[in-house]
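**Q** Below: sequence and its predicted model.
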Amino acid sequence: MPVDTSAPEILIVGSGPSGLVLALSLLRNGVPVRVIEKNKTYPSSGTYRSAQPRSLETLESLGILDEVLRRAINVSPMSFYKMPEGVEVEKEYYMIPHLDPTPSQPYRNPLILGQDNLDKILRAELEKLGCHVELGAELKSFDQDDEHVRVKIVKYSLEDEAAPPVEEEATYKWVIGADGARGVVRKQLGLSFLGETTEQRMITGDLMVEGLSPNKWHMWGDLSTFITSIRPTETEGLFNFIIGGGQVGDVRDVAANEVKLKELLKKSTGNREDIKWGKVVCAFPYIINVRMVDNFKKGRVFVTGDAAHIHSPTGGQGMNTGVQDSFNLGWKLALVMKGLAPQSLLDSFNEERLPVVSEMLNITNEYLKKTIAKNDEAAWDRRGSVNQLGVNYRGSPIVVDEESELQGVDHWAAGSRYNSVDGRVLAGDRAPDASGLIRIGKGDAAQTRLFTLLKPTQHTILIFAEKVDYHTILPALSHYPRDSVHPIVVVPSGGSSTDSNVDAVEDKDGHAHAAYNVTDPASSIFVIRPDGVVGARVTTAEALERYFRGIFKA
């Protein structure tokens, strides 16, 4: 259903995945936004992203996963060719071996999808909700006070190149910079972009290729001379390429010259005559930077995605990290805009995301060093934390974990923000899925799963009936905004029924009990935030109310 976008009070600068995910998150919550993009056209191709499992869960929550799955392709096995001929396959393996889904992790394998196609899917969903990206609209400057952000925008004609630009001044409550590493928002905020520019220079882009299998990821050479990657895309005949290494030369010059680019492609792949290098759709110089901001927020202005952090592409984390930035911010900003939460809630965006991104940069930097040092299977192994399912906010100022508090455990001071490995679900962790649930008293005995019951517009409270009397818990939730809090009573397989006015599910296959460690005495009630994170793990109504006092206004 369209949202009234006639007078949005939030401006999003930039229309890449981070900006569009934030816009969709806000619109799903009924909060109108304005999205501007300085370019006059959308990218037609150019950047092929791996959508990690955690991002797939986010896209499902936002209602667009089916379309993503329809267009995306699986990650292909990597074929390394013996040089200098470049014809014989020397070794072949997967960066990430295929994993079967489980009841708690329905998506365990990354997918490949071009940013242009992901952006199209996101924009189409925004348009259903009444929001259209404004092309040719460039943010020039802004200033802010305690109540507003005043912006100056220059709008260029999309039809008439000779038409003079039109200047616009406007006022918003909040501005979000999703305008990339070179964007104006971070620079005008004066945020430090800490890190380094590495010596690694590359050329990347898309071109049509004949003579290579579309079911393989083709690799030649190493970083001491040339390393060339030719990866299939979801478009037939179109491949994404990366050329790097010590002898790659002037990457800006080569990227701008199609003849030189094709000569380099031919040379770096063994001068094979059976490969036909076709139309170059796009080509860009790429210099690896490892940088991040010192704060994601200053006053009423935020940065997200590449505007806040850039790094080596060796871990496939960039777009995925930006998506999680925006999903973390979206529900919080929506509650503040609706007057349901204090502005102080927005401070947790920086408090939660800054340590996650810092650790992510360290991980991808280590991958880069390994790849440079030795171009072998171990160096390209990407199993583990890159799926982002272990990213957590344990110890965040806004989460409540009764057991950790009683034991005096400070998860914020110690432990990984990127990989929760102890097998338990604590406050701050990703909320697991659970299949095999049966809705009770709804006239439909068909099975469902927990992720279909979660919404990006509300907190979901799982109350395990055999651990705590739900009659003592529900009254504690009655004075919170009705559409923002959704309690679900979970009964074990064959358990007793609940009151007809209670939303309840039978855990027929026991997957919810297993995923949420219900044998643990401290695992009785779980609050799942709108971004799919466990906000609280508690046993009493008093602790539950303490969590919500940190979220909602008194």
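**A** Yes, it's here.

**Q** Excluding residues flanking it in the chain, which one is nearest Thr198?
**A** Setting aside the residues directly before and after it, Thr198 is nearest to Ile288 in space (C-beta to C-beta, 6 or more residues apart in numbering), at 4.5 Å. Yep, even glycine has a C-beta here, placed from its N, CA and C like the rest.

**Q** Name all residues that make contact with the one you found.
**A** Neighbouring residues of Ile288 by C-beta atoms under 8 Å, 6 or more residues apart in numbering: 197-198, 200-202, 311-313, 368.

**Q** can you check His511 too?
**A** His511 neighbours (C-beta under 8 Å, 6+ apart): 103-104, 434-437.

**Q** Need the pLDDT of Gly423.
**A** We have a pLDDT of 77 for Gly423.

**Q** What's the separation between it and Val399?
**A** Gly423 sits 19 Å away from Val399, going by C-beta to C-beta, to the nearest Å.

**Q** which of the two has more neighbours?
**A** Val399 (27 against 6; other C-beta atoms under 10 Å).

**Q** for the protein, longest helix please?
**A** Ranked by residue count, the top helix of the chain under DSSP state H comes out as helix 347-373.

**Q** Any idea how far that helix is from the middle of the chain?
**A** 14 Å (C-alpha atoms, centre = their mean, to the nearest Å).

**Q** Same check on stretch 182-198?
**A** That offset, for stretch 182-198, works out to 21 Å (C-alpha atoms, centre = their mean).

**Q** Could I get the average pLDDT for that stretch?
**A** 89.

**Q** Give me the contacts around that stretch.
**A** Outside stretch 182-198, the residues touching it (C-beta under 8 Å, 6+ apart) are 13-14, 139-142, 175-177, 179, 287-295, 298, 301, 303, 306-308, 312, 361, 368.

**Q** Among those residues, which lie within strands?
**A** 13, 139-142, 175-177, 287-293, 298, 301, 303 (DSSP state E).

**Q** Of these, keep whichever come out buried.
**A** Listed as buried from the ones in strands among the contacts of stretch 182-198 are 13, 139, 142, 175-177, 288-293, 298, 301, 303; burial here means 16 or more other C-beta atoms under 10 Å.

**Q** Quick check: the farthest pair among the residues you listed?
**A** Phe142 and Ile288 (30.1 Å; C-beta to C-beta).

**Q** so where do the helices sit in the stretch 301-450 of the chain?
**A** 318-337, 347-373, 377-380, 402-407, 450-453 (DSSP state H, counting those that start in this stretch).

**Q** quick one, what contacts Thr457?
**A** 28-30, 331, 334, 483-484, 530.

**Q** give me that answer again for 7 Å
**A** The contact partners of Thr457, by C-beta atoms under 7 Å, 6 or more residues apart in numbering, come to 28-29, 530.

**Q** Around Gly415, count how many other residues there are.
**A** 16.

**Q** Quick check: chain neighbours aside, which residue is closest to it?
**A** The nearest residue in space to Gly415 (C-beta to C-beta, 6+ apart) is Arg394, at 6.5 Å.

**Q** thinking again about what came up before, ok, the buried ones among the ones in strands among the contacts of stretch 182-198 vs Leu59, which is closest?
**A** Nearest to Leu59 out of these is Ile176 (C-beta to C-beta; 19.4 Å).

**Q** How much space separates that closest one from Val357?
**A** 16 Å.

**Q** For the residue nearest to the spatial centre of the chain, give me its contacts.
**A** In the chain, the centroid-proximal residue (C-alpha atoms, centre = their mean) is Val323; its distance is 2.6 Å. Residues in contact with Val323, defined by C-beta under 7 Å, 6+ apart, are 17-18, 21, 55, 58.

**Q** on that earlier part again, of the contacts of Thr457, which qualify as buried by neighbour count?
**A** Neighbour counting over these (16+ other C-beta under 10 Å) leaves 28-29, 530 as the buried ones.

**Q** Throw those into CSV and include pLDDT, distance to Lys276 and secondary structure, thanks.
**A** Formatted as CSV, the buried ones among the contacts of Thr457 follow (pLDDT from 0 to 100; distance: C-beta to C-beta, whole Å; DSSP: H, G, I helix; E, B strand; the rest coil):
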residue, pLDDT, distance to Lys276, secondary structure
Arg28, 97, 46, helix
Asn29, 97, 50, coil
Pro530, 98, 50, coil
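
**Q** Number of residues surrounding the closest residue in space to Glu9 that isn't next to it in sequence?
**A** Once flanking residues are discounted, Glu9 sits nearest to Lys173: 4.3 Å by C-beta to C-beta, 6+ apart. Lys173: 17 surrounding residues under other C-beta under 10 Å.

**Q** now do the one 10 residues further on
**A** When counting by other C-beta under 10 Å, one arrives at 20 neighbours for Gly183.

**Q** Pull up the gap between it and Ser192, please.
**A** For Gly183, the distance to Ser192 - C-beta to C-beta - is 15 Å.

**Q** repeat for Gly550
**A** 29 Å.

**Q** If you count surrounding residues, which of these two has more?
**A** Set Gly550 next to Ser192 and count neighbours by other C-beta under 10 Å: Gly550 wins out with 18 against 11.

**Q** Strands of the stretch 51-200 of the chain, residue ranges please.
**A** Taking DSSP state E, counting those that start in this stretch as the test, the strands found in the stretch 51-200 of the chain are 73-74, 78-81, 89-93, 111-114, 134-135, 137-144, 149-155, 166-172, 174-177, 193-210.

**Q** Neighbouring strands of the helix or strand just after the longest one in the sheet, and parallel or not?
**A** The C-terminal neighbour of strand 193-210 among helices and strands, as given by DSSP states H and E, is strand 217-221. Within its sheet, and counting by DSSP bridges, strand 217-221 is paired with strand 78-81 (parallel), strand 227-232 (antiparallel).

**Q** Comparing the ones you listed, which comes out most buried?
**A** strand 227-232 (a mean of 21; mean count of other C-beta atoms under 10 Å).

**Q** angle of that strand against strand 193-210?
**A** Between strand 227-232 and strand 193-210, the angle comes out at 60 degrees (axes from the mean of the first three to the mean of the last three C-alpha atoms, to 10 degrees).

**Q** Could you dump the contacts of Thr457 into JSON lines and include distance to Val133?
**A** As requested, the contacts of Thr457 are exported to JSON lines (distance: C-beta to C-beta, whole Å):
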{"residue": "Arg28", "distance to Val133": "17"}
{"residue": "Asn29", "distance to Val133": "19"}
{"residue": "Pro530", "distance to Val133": "24"}
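
**Q** between the residues you listed, which is nearest His218?
**A** Distances from His218 to these, taken by C-beta to C-beta, are shortest for Arg28, at 39.8 Å.

**Q** Now do the SS call for the residue lying closest to that closest one once chain neighbours are set aside.
**A** Nearest non-adjacent residue to Arg28, counting by C-beta to C-beta, 6+ apart: Pro456, 5.3 Å away. Under DSSP: H, G, I helix; E, B strand; the rest coil, Pro456 falls in the coil class.

**Q** Retrieve the pLDDT associated with Pro456.
**A** Reported pLDDT for Pro456: 97.

**Q** Return the set of residues that bridge with the nearest residue to Glu234 once chain neighbours are set aside.
**A** Once flanking residues are discounted, Glu234 sits nearest to Ile73: 4.9 Å by C-beta to C-beta, 6+ apart. Legend: beta-bridge partners of Ile73 under DSSP bridges are Ile112.

**Q** What is the burial count for Ile73?
**A** Around Ile73 there are 16 residues (other C-beta under 10 Å).

**Q** what's the answer for Ile440, then?
**A** 18.

**Q** so how far is stretch 343-352 off the chain centroid?
**A** Distance, centroid of stretch 343-352 to centroid of chain: 18 Å (C-alpha atoms, centre = their mean).
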